[in-house]
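> give the three-dimensional model of this entry:
(one chain, ligands or ions: 2)
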Amino acid sequence: MQIRFESSRKEVSQMDTATLRENFLIENIFQTDQINFVYTHYDRVMIGGAIPAATALTLETYGSLKAEYFLERREIGIINIGGKGQVKADGQTFEISKLGCVYLGKGTKEVVFSSENEADPAVFYLLSSPAHQSFPATLFTKEDAAPAIMGSMETSNHRTIYKYIHAGGIQSAQLVMGLTVLQPGSVWNTMPAHVHDRRMEAYCYFDVPANQRILHLMGEPTETRHLWLADRQAIISPPWSIHSGCGTASYSFIWGMAGENRDYTDMDAVAITDLR
Ligand SMILES: O=C[C@H](O)[C@@H](O)CC(=O)C(=O)O
Ligand SMILES: [Zn+2]
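Ligands and ions are numbered 1, 2, ... in the order given. As a prediction, this is how the structure comes out:
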């Protein structure tokens with residue numbers, strides 16, 4: 001497991017492209033028949049992927065967690081961006097289709113990922129944060145998520161936000177998670193941008209056409225930087241950073257946060273005209 005330490009605002013303002021990418025871009029978590037994680041010290045969030053194809057995959061603990069099992073002191077949100085699959089948690093099986101979400105709380109001992117069809121395997125995005133309290137295992141489909149339409153065609157940011165894990169949805173200790181689907185022809189996410197220094201955030205872009213890219217923006221609002229991301233790549237957003245992107249085609253992405261609260265609307269908006 002790769003461990004990423006924090007960078008200060010000042011350091012980030014002086015990073016070149018390669019250094020920015022080393023610190024914030026997550027390129028290779030999705031590998032067939034593997035579970036891979038990156039551990040970020042921003043709120044101790046773990047960002048991972050699991051593609052069970054030829055075999056089912058069991059979520060194992062990592063030495064650096066010093067825990068008997070992965071979810072001993074953690075909770076996890078799981079969203080499927082691939083074919084139909086299953087998540088088995090302490091004997092309970094959840095069927096999870098594309099864009100479905102399963103939440104598993106602290107104390108869940110055995111977690112197994114599997115796919116219905118090896119040729120079209122489930123692709124599970126995993127986001128885990130420390131938890132002090134246990135909440136029930138819960139499955140949500142995208143229809144359960146009370147979709148919210150945002151933006152407009154005229155400003156190229158027409159998109160649907162599906163909120164799964166948050167104060168008004170699936171209950172958790174601190175994890176907040178959901179996904180956003182851009183309407184055809186719209187390319188901008190999270191514009192106007194915002195910060196929420198009470199919570200870190202991570203984005204994982206998917207359904208990006210192979211020869212297209214996402215121009216992701218980060219940094220303090222008056223000190224922005226950009227990185228080019230491809231399909232199924234994720235990016236860490238420090239609590240003081242904006243997180244916004246523009247695609248060369250329409251796309252979707254999973255967002256997820258951990259920190260001080262679980263209120264989706266706790267954001268400090270940044271006026272477009274104030275960005276630098
Ligand atoms: O704190 C919330 C997150 O940044 C995202 O939910 C924003 C987003 O999906 C969007 O505006 O497109
Ligand atoms: Zn945000």
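> wait, is A18 part of a helix?
Yes. Membership of A18 in a helix is supported by DSSP: H, G, I helix; E, B strand; the rest coil.
> which non-adjacent residue is nearest R213?
W228 (5.0 Å; CB to CB, 6 or more residues apart in numbering). (Glycine included, C-beta is placed from N, CA and C.)
> how about whichever residue of the stretch 1-150 of the chain sits closest to ligand 1: which residues does it bridge to?
Nearest residue of the stretch 1-150 of the chain to ligand 1 (CB to the nearest ligand atom) works out as M150 at 6.0 Å. Residues in a beta bridge with M150, per DSSP bridges, are R159.
> what residues are up against it?
157-161 (CB atoms under 8 Å, 6 or more residues apart in numbering).
> would JSON lines of these with pLDDT be doable?
Output for the contacts of M150, formatted as JSON lines (pLDDT from 0 to 100):
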{"residue": "N157", "pLDDT": "98"}
{"residue": "H158", "pLDDT": "98"}
{"residue": "R159", "pLDDT": "98"}
{"residue": "T160", "pLDDT": "97"}
{"residue": "I161", "pLDDT": "97"}
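> what bridges to the closest residue to I35 other than its chain neighbours?
Leaving aside its sequence neighbours, I35 sits nearest to A50 (CB to CB, 6+ apart; 4.4 Å). Residues found in beta-bridge contact with A50 (criterion: DSSP bridges) are I35, F124.
> quick one: residues contacting the residue lying closest to S172 once chain neighbours are set aside.
In this structure, S172 finds its nearest non-sequential neighbour in I165, 5.2 Å apart by CB to CB, 6+ apart. Shown in contact with I165 (CB under 8 Å, 6+ apart): 77, 101, 103, 172, 175-178, 256, 262.
> repeat that with 10 Å
75-77, 79, 101-103, 127, 135, 138, 140, 145, 171-172, 174-178, 256-257, 262, 264 (CB atoms under 10 Å, 6 or more residues apart in numbering).
> return the subset of the residues you listed lying in strands.
Among the contacts of I165, the ones falling in strands (DSSP state E) are 75-77, 79, 101-103, 127, 138, 140, 176-178, 256-257.
> need the contact partners of whichever helix or strand the residue nearest to R213 is part of.
Here W228 sits within strand 223-229, counting by DSSP states H and E. Under the contact criterion CB under 10 Å, 6+ apart, strand 223-229 has outside partners 9-10, 12-13, 15-17, 20-21, 24-27, 193, 203-205, 208, 213-219, 233, 235, 240-242, 244-248, 251, 253, 270, 275-276.
> what residues does the stretch 101-250 of the chain have near ligand 1?
159, 161, 180, 189-190, 201, 243 (CB under 6 Å from any ligand atom).
> let's go with 8 Å and repeat that
By CB under 8 Å from any ligand atom, the residues of the stretch 101-250 of the chain that approach ligand 1 are 150-151, 157, 159, 161, 163, 176, 178-180, 189-191, 194, 196, 199, 201, 203, 237, 243-244.
> now, of these, which are buried?
151, 157, 159, 161, 163, 176, 178-180, 189-191, 194, 196, 199, 201, 203, 237, 243-244 (16 or more other CB atoms under 10 Å).
> quick one: the closest residue to V176 other than its chain neighbours and V187, what's the gap?
Spatial nearest neighbour of V176, excluding adjacent residues (CB to CB, 6+ apart): M257 at 4.3 Å. Counting by CB to CB, to the nearest Å, the separation of M257 from V187 is 23 Å.
> the two: who's more crowded?
Legend: neighbour count by other CB atoms under 10 Å for M257 and V187, higher for M257 (29 against 21).
> brilliant, that's me finished.
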